[in-house]
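Undergrad: Take this sequence and fold it.
(one chain, ligands or ions: 1)
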Amino acid sequence: MSKKNLNGRSVISIADLTKDEIEHVLKRAAEFKKKPPKELLRGQILASCFFEPSTRTRLSFESAMLRLGGQVIGFSDAASTSIRKGESLYDSMKVTGSLADLIVIRHPMEGAARLASLATTKPVINAGDGANQHPTQTLLDLFTIKECQGKLEGLKVAIVGDLKYGRTVHSLASAAALFDMRLYFISPEELTLPETILKQLRKLRGKFSFHHNVEEVIDKIDILYMTRIQKERFDDATYEKVKESYILKEAQLKKAKSHLRVLHPLPRVNEIEVAIDSTPHAYYFEQAENGLFVHEALLALILGKIN
Ligand code: CP
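TA: Numbering: from 1, shown residues only. As a prediction, the model looks like this:
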């Protein structure tokens, strides 16, 4: 089997993909963006299982499946499933797998996507499990970085906000090290990167440093990756203390390189001042749109319809 053959594979963590495989997904996504494929997934069924709120990831996967001629079953509210009656996630995913060709799952519990992949023989894509991983967000982040900077290797990237609970950050940090990116982590003390991710970065010989404000690095970086302080992941007292830690204002971009682009996995609450949307630095809405092409490529590769 080719190292790049994703047919039948699950994607639970970004570490499930090699650098070659990541580049291959990005290449296929770029082809799809340039020339939209048709009817590639006719007869295939995606189970879209969202136990936690989502706008972009769910609609983007579902749109990708429908645009490629496939069909979608699923739910966007755990309360409408038999888990509400006491069924285990394992049983629920085992049955769902027998009704579909591929499962996309988002769940508030860390490890839920891994558990789902053990319950079924069908491929499972992790669309976010608690504060753990969000590998498909990382694929679209890398696609977008390559699109707006023309390359991935050797870029200088600042990641700002909730680094402790931010699953998009955890997946992106590990992948960035594969591409020799220099990382600047900017967060309040309470929300610094977990030791498990730091260990992975050290293992990959990643280059990184810690900072408390954007001004320390703004004139050096190519990408400013903002994240939301996630109210749903910690207690009210801690949230109140850190909620307004990082709100990016237009004036802070004065010393930025002209090619600096601001990214954000979205949803945004107040981390990026709306005035920034109309500056050449804003690239987060293009980033969200790119999810469609990356998800199309991933579905087609995993369902074995392209190589
Ligand atoms: N970026 C992201 O995961 O957005 P949603 O929560 O809207 O899916």
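Undergrad: Please count neighbours and contacts with C-alpha atoms only from this point.
TA: Fine.
Undergrad: In the stretch 151-300 of the chain, what residue lies closest to the ligand?
TA: Using C-alpha to the nearest ligand atom, the single residue of the stretch 151-300 of the chain nearest to the ligand is Pro265, 4.2 Å away.
Undergrad: Check the gap between the closest residue to Leu303 other than its chain neighbours and the ligand for me.
TA: Distances taken as C-alpha to C-alpha, 6 or more residues apart in numbering put Asn7 closest to Leu303, at 5.7 Å, once the chain neighbours are dropped. Distance of Asn7 to the ligand, computed by C-alpha to the nearest ligand atom, to the nearest Å: 24 Å.
Undergrad: was I right about Ile73 contacting Ser48?
TA: Yes. With contacts counted by C-alpha atoms under 8 Å, Ile73 reaches Ser48, the gap being 6.1 Å.
Undergrad: These two - which one has more neighbours?
TA: Ser48 (24 against 14; other C-alpha atoms under 10 Å).
Undergrad: can you list contacts of stretch 300-307?
TA: 4-10, 25, 40-41, 101-102, 123 (C-alpha atoms under 8 Å, 6 or more residues apart in numbering).
Undergrad: what's the following helix or strand after the helix or strand containing Val262?
TA: Using DSSP states H and E, Val262 maps to strand 261-263. Reading on from strand 261-263 to the C-terminus, the next helix or strand found by DSSP H and E is helix 284-302.
Undergrad: So which bits of that next one are buried?
TA: 284, 287-288, 290-302 (16 or more other C-alpha atoms under 10 Å).
Undergrad: Surely Asn126 is in a helix?
TA: No. Asn126: not assigned to a helix; according to DSSP: H, G, I helix; E, B strand; the rest coil it is strand.
Undergrad: The closest residue in space to it that isn't next to it in sequence: neighbouring residues, count only.
TA: Nearest non-adjacent residue to Asn126, counting by C-alpha to C-alpha, 6+ apart: Ile12, 4.8 Å away. Per other C-alpha under 10 Å, the neighbour tally for Ile12 reads 27.
Undergrad: Can you tell me how far Ile12 is from Val274?
TA: Applying C-alpha to C-alpha, to the nearest Å, the value for Ile12 to Val274 is 34 Å.
Undergrad: same thing with Lys199?
TA: According to C-alpha to C-alpha, Lys199 and Val274 sit 36 Å apart.
Undergrad: Contact residues of the chain facing the ligand?
TA: Ser54, Thr55, Arg56, Thr57, Arg58, Pro265, Leu266, Pro267 (C-alpha under 6 Å from any ligand atom).
Undergrad: same thing but 8 Å
TA: 53-59, 127-128, 134, 137, 168, 264-267, 288 (C-alpha under 8 Å from any ligand atom).
Undergrad: Got a quick ChimeraX command for the buried subset of those residues?
TA: Buried subset of the residues of the chain next to the ligand, written as a ChimeraX selection, criterion 16+ other C-alpha under 10 Å:
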select :56,57,58,127,128,134,137,168,264,265,266,288
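Undergrad: just how off-centre is whichever strand or helix holds Leu118 within its chain?
TA: Assessed by DSSP H and E, Leu118 sits inside helix 112-119. Here the centre of helix 112-119 is set off from its chain's centre by 18 Å, with C-alpha atoms, centre = their mean, to the nearest Å.
Undergrad: what is the mean pLDDT for it?
TA: Averaged over helix 112-119, pLDDT sits at 98.
Undergrad: same question, stretch 53-61
TA: For stretch 53-61, mean pLDDT rounds to 98.
Undergrad: Now name the helix or strand holding the most centrally placed residue in the chain.
TA: For the chain, the residue nearest the mean C-alpha position is Gln137 (1.6 Å; C-alpha atoms, centre = their mean). Assigned by DSSP H and E, Gln137 belongs to helix 135-149.
Undergrad: If you count neighbours, what's buried in stretch 72-83?
TA: By 16+ other C-alpha under 10 Å, the buried positions in stretch 72-83 come out as Val72, Gly74, Ser76, Thr81.
Undergrad: Can you measure across it, start residue to end residue?
TA: 20 Å.
Undergrad: can you list contacts of it?
TA: Stretch 72-83 has contacts (C-alpha under 8 Å, 6+ apart) with 45-54, 62, 65-66, 84, 89, 92, 100.
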